[in-house]
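Student: Dropping a prediction and its sequence here:
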Amino acid sequence: MGLIRRVRVTQRAMERAVPRVSLRDQIRNEEIRRRSGLTDIVQRVAKLQWQWAGHIARRTDGRWVLRCWNGDPAPVNAAYRHPTRWTNDRRVAGNRCKQVAQDRVLLNSLQKTYVQQWTSIG
């Protein structure tokens, strides 16, 4: 939650720095974003994460990434492993996440739900 907030603040600061707009100019962030044509970085990251999860779920070989998806982590030091592995993706797709990943149309329709849910955290 804090990371999402910090990324958004940093993006807004960069969007203001490029056209040299100061906070004293009192131009809203929405107006600067409309002028620049950029998208929210958090939404972009969530969309790419969802696409990667679908790609991994469709894999049929026995690579370590697929084992992590199934809950069998790769043999690494537990202190450096991220505590939540794909749990947000599985929650949106339901228990049949592997079958949902095979149907790309259904996966893309669930993508909007996932992105909205993931970006509303911060």
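Tutor: Now that the structure is in, tell me what you want to look at. Residues are numbered from 1 along each chain as shown.
Student: can you pull the buried residues of stretch 106-115?
Tutor: Buried residues in stretch 106-115, defined by neighbour count with 16 or more other CB atoms under 10 Å: Leu107, Leu110, Gln111, Tyr114, Val115. (Each C-beta comes from the backbone N, C-alpha and C, glycine too.)
Student: Can you give the domain ranges for the chain?
Tutor: Domain assignment of the chain by automatic domain parsing yields the ranges 2-36, 41-119.
Student: Reformat the ones you listed as TSV; add mean pLDDT.
Tutor: Formatted as TSV, the domains of the chain follow (pLDDT from 0 to 100):
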stretch	mean pLDDT
domain 2-36	87
domain 41-119	71
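Student: Point out the most buried one among those.
Tutor: Compared across the domains of the chain, domain 41-119 shows the largest average neighbour count, a mean of 14 (mean count of other CB atoms under 10 Å).
Student: so which strand or helix has the spatially closest residue to Leu23 that is not a sequence neighbour?
Tutor: Excluding the flanking residues, the one nearest Leu23 by CB to CB, 6 or more residues apart in numbering is Arg16, at 7.3 Å. Using DSSP states H and E, Arg16 sits in helix 2-17.
Student: contacting residues around that helix?
Tutor: By CB atoms under 8 Å, 6 or more residues apart in numbering, the list of residues contacting helix 2-17 from outside reads 22-23, 29, 32-33, 36, 38, 40-42, 45, 119, 121-122.
Student: TSV please, covering these and showing distance to Ile4 and secondary structure.
Tutor: Output for the contacts of helix 2-17, formatted as TSV (distance: CB to CB, whole Å; DSSP: H, G, I helix; E, B strand; the rest coil):
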residue	distance to Ile4	secondary structure
Ser22	25	coil
Leu23	21	helix
Asn29	16	helix
Ile32	19	helix
Arg33	17	helix
Ser36	20	helix
Leu38	17	coil
Asp40	10	coil
Ile41	10	helix
Val42	5	helix
Val45	9	helix
Thr119	7	helix
Ile121	6	coil
Gly122	3	coil
